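*Asks:* What shape does this take:
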Amino acid sequence: MADLRRGLPEEVRDDLMNLAADSGMTKRSKFVQLADVDPLNFLGVLQRKAGRRPVREVFSDAGFDSIQYPFYGDSVVVFSPTQIKSAISNTGDFSLTDPDIRGSATLPTIGLSGGLGGLAAYLLRATQGDEK
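*Replies:* Here you go, the predicted structure:
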């Protein structure tokens with residue numbers, strides 16, 4: 001995840017600046033000059049000039065699958081709808097290729113007659129390779 005709360009990640013900075021130049025944004029542009037101080041505004045202007053896909057591809061090519069930035073608290077933008085799953089109306093099915101957010105990973109059914117102690121014992125056994 002690229003964390004924009006700390007400025008532009010070094011892995012993408014040069015490529016984003018090249019994309020900005022190719023899109024007609026000069027080094028004198030206030031958005032380019034403030035890219036490290038206010039990356040959110042810089043990326044917003046860059047997306048309007050170059051398009052969303054090229055900006056996303058710069059981050060994806062650098063190995064990022066999402067961007068975190070401060071906006072109404074901390075917000076995360078993911079690059080693929082398959083990265084989001086819902087806790088509401090969850091069907092129990094999970095697929096890396098299905099963009100339906102109602103799926104989830106199937107967890108094993110366990111009897112927890114011992115309450116939280118039973119859960120702790122189950123988790124301990126599971127980490128040791130004995131899931132019975």
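*Asks:* and stretch 28-45, which residues are buried?
*Replies:* 29, 31, 32, 35, 39, 42, 43, 45 (16 or more other C-beta atoms under 10 Å). Every C-beta, even on glycine, is put in place using the N, C-alpha and C of the backbone.
*Asks:* hang on, isn't the fourth one packed against residue 12?
*Replies:* The reference is to residue 35. No - using C-beta atoms under 8 Å, residue 35 is not in contact with residue 12; the gap is 10.7 Å.
*Asks:* SS state for residue 97?
*Replies:* coil (DSSP: H, G, I helix; E, B strand; the rest coil).
*Asks:* Can you read off the pLDDT for it?
*Replies:* Note on residue 97: pLDDT of 70.
*Asks:* what residues are up against it?
*Replies:* residue 82 (C-beta atoms under 8 Å, 6 or more residues apart in numbering).
*Asks:* go again using 10 Å as the cut-off
*Replies:* 80, 82 (C-beta atoms under 10 Å, 6 or more residues apart in numbering).
*Asks:* Which parts of this structure are strands?
*Replies:* Counting by DSSP state E, the chain has strands at residues 2-3, 66-70, 74-78.
*Asks:* Contacts made by the shortest one with the rest, please.
*Replies:* Under the contact criterion C-beta under 10 Å, 6+ apart, strand 2-3 has outside partners 8-9, 11-12, 39, 58-59, 62-70, 74, 76-77.
*Asks:* how does it look with 8 Å?
*Replies:* With C-beta under 8 Å, 6+ apart as the criterion, strand 2-3 contacts 9, 12, 59, 62, 64, 66, 67, 68, 69.
*Asks:* Can you tell me which of the strands of the chain is nearest to residue 18?
*Replies:* strand 2-3 (17.1 Å; C-beta to C-beta).
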